[in-house]
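Chemist: give the three-dimensional model of this entry:
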Amino acid sequence: MKKILIHSGYIKLDQFLKLSDCVSTGGMAKALLQEGLVLVNGEKEERRGRKLYPGDRIEVQDEGSFEVIGGEVQK
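Modeler: You can find the predicted model right below:
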């Protein structure tokens, strides 16, 4: 499982998919979600704007498993 560090309280799912290199554009993220290929905490998720928080686990078919981890906010 890959750990993805965020420096804010949450990250939206479409942004997370780009940050984790699962997709390169928002359009690709939308298509991936519409096809039902993304699980958040074990449940299928289709909303691009779903907020992810540290501790959330994401599974992307053919890409692997990820966990959101938090860090200190950079000033």
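Chemist: switch to C-alpha atoms for all contacts and neighbour counts from now on
Modeler: Will do.
Chemist: quick one: average pLDDT of stretch 29-46?
Modeler: Averaged over stretch 29-46, pLDDT sits at 96.
Chemist: same question for it: list its buried residues.
Modeler: Neighbour counts over stretch 29-46 (16 or more other CA atoms under 10 Å) mark 29-30, 32-33, 37-40, 45-46 as buried.
Chemist: want to throw the residues you listed into CSV with distance to Ile58 and secondary structure?
Modeler: CSV is the format used below for the buried residues of stretch 29-46 (distance: CA to CA, whole Å; DSSP: H, G, I helix; E, B strand; the rest coil):
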residue, distance to Ile58, secondary structure
Ala29, 13, helix
Lys30, 15, helix
Leu32, 13, helix
Leu33, 12, helix
Leu37, 10, coil
Val38, 7, strand
Leu39, 6, strand
Val40, 5, strand
Glu45, 10, coil
Glu46, 12, coil
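Chemist: spatially, which two of those residues are the most separated?
Modeler: Farthest pair in the buried residues of stretch 29-46 (CA to CA) is Lys30 and Val40. Separation: 14.9 Å.
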